[in-house]
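Visitor: Need a 3D model of the sequence below.
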Amino acid sequence: MSTPTLKQRPTHEFSRILGIGAYRPEVIVTNDDVCQWIDSSDEWIRQRTGIVTRHRAPKDISVIDMAVGAGREALAHAGIDASELGAVIVSTVTHPYATPSAAALVTEMLGATPAPAYDISAACAGYCYGVAQGDALVRSGAAKYVLVIGAEKLSDVINNHERTISFLLGDGAGAVVIGPADEPGVGPSVWGSDGSKWDAIGMTHSMLDVRDFSESAMKSESVLDAAAAGEMQASLWPTLRQDGQTVFRWAVWEMAKVAKQALEAAGIEAADLGAFVPHQANMRIIDEMAKQLKLPESVIVGRDIADAGNTSAASIPLATHRLLQENPELSGKYSLQIGFGAGLVFGAQVVRLP
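Guide: As a prediction, this is how the structure comes out:
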């Protein structure tokens, strides 16, 4: 008796981005606001980072809320009902629960249940990681349509008085729908990591530190004043920090190489691009990468950082969303996108804009 052949799902040769959405919190934090907490100036922040303002979400707006808002707009733009989604991927490092995932609740709130749902923890490269996986899921036949969301509430994990990164960061969410296409719309992804620089960007403490403090405080024979104990425990709350010089050098010199590799993998030249949308980490990094890529003046460079700050996994879809709003002629053209950040991790691909 012969062994039966396993059935396989129908596959799609190509995929592309069908729709895009964004959520920007209404609270605007200026450089003058930031300078209440750190010894700096509006001029210094603009010169060193290119940031003028950043959006931050109020306490009653969560990562989930922003992800759902961006996801709804992306679905509407694509003309896809949430019930048609074959997977929902949320890239975030600021969902306050280790489990369950943000994606599972986002899927339910969008009306996409029972679509598979999972989170990606790849910091500022998370969106590009999500696009790589969405592309693979569509082309393999595992899903017809995939919603990829980058959403961050970084204001939950910053100490406003910390100088290395807090003043850079903002909140927001961006999303895209990836689906089947008649021609290539997502180029080969060039992605990877460099764990030798694992501690260049990270948290000041782990949750274990908070736990250990609580346990030792309870066992201590000395009675701490409740307010003092609260202040000590609050000081152990994990917040972000970075080695700015290490990150800057790595981003400028190594990520330009990755961007070039993504162009080569896609088989196109810089002159073929309509847009270049790097992670919105620092305006000087963006400008230096554009210079190393020798982009012609016809290529529009995403510089959303000036108004939005660094929004980690949300930065590339937010910047892309703005470019398409301000330059509708970019629709259908190629965009080179590259994300890089904590890990250190990176991801890049050329996509056809919706």
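
Visitor: Would you mark the buried spots in the biggest helix by length in the chain?
Guide: The longest helix of the chain (DSSP state H) is helix 244-266. For helix 244-266, burial by neighbour count (16 or more other CB atoms under 10 Å) applies to 244, 247-248, 250-252, 255-256, 258-260, 262-263, 266. C-betas here are computed from N, CA, C, even on glycine.

Visitor: Now flag whichever of these is closest to residue 350.
Guide: residue 266 (4.0 Å; CB to CB).

Visitor: so who does that closest one touch?
Guide: With contact set as CB atoms under 8 Å, 6 or more residues apart in numbering, residue 266 has these partners: 187, 188, 334, 349, 350.

Visitor: which of the residues you listed lies closest to residue 87?
Guide: Set against residue 87, the nearest of the contacts of residue 266 by CB to CB is residue 349 (17.9 Å).

Visitor: which residues of the stretch 151-300 of the chain fall in strands?
Guide: Remark: strands assigned in the stretch 151-300 of the chain by DSSP state E, counting those that start in this stretch are 171-181, 190-193, 201-203, 240-242, 273-278, 300-301.

Visitor: Nearest to residue 134, out of those?
Guide: With CB to CB, the closest approach to residue 134 among the strands of the stretch 151-300 of the chain belongs to strand 171-181: 4.0 Å.

Visitor: in the closest one, what counts as buried?
Guide: 171, 172, 173, 174, 175, 176, 177, 178, 179, 180, 181.

Visitor: same check, this time on stretch 94-104
Guide: Buried residues in stretch 94-104 (16+ other CB under 10 Å): 94, 95, 101, 102, 103, 104.

Visitor: Taking those residues together, which two end up most distant?
Guide: 94 and 104 (16.3 Å).

Visitor: End to end on stretch 309-321, go ahead and measure it.
Guide: With CA to CA, to the nearest Å applied, stretch 309-321 spans 15 Å between its terminal residues.

Visitor: Let's test this: mean pLDDT of it, rounded?
Guide: Taken as a whole, stretch 309-321 has a mean pLDDT of 98.

Visitor: Residue 52 reaches residue 46, doesn't it?
Guide: Yes: the criterion here is CB atoms under 8 Å, and residue 52 meets it with residue 46 at 6.3 Å.

Visitor: shared neighbours, those two?
Guide: In contact with both residue 52 and residue 46: residue 31, using CB under 8 Å, 6+ apart.

Visitor: out of everything not next to it in sequence, what's closest to residue 252?
Guide: Excluding the flanking residues, the one nearest residue 252 by CB to CB, 6 or more residues apart in numbering is residue 288, at 4.9 Å.

Visitor: Next, count neighbours for the one you found.
Guide: 17 (other CB atoms under 10 Å).

Visitor: Make sure it is actually in contact with residue 254.
Guide: No: counting by CB under 8 Å, residue 288 stays clear of residue 254, with 11.9 Å between them.
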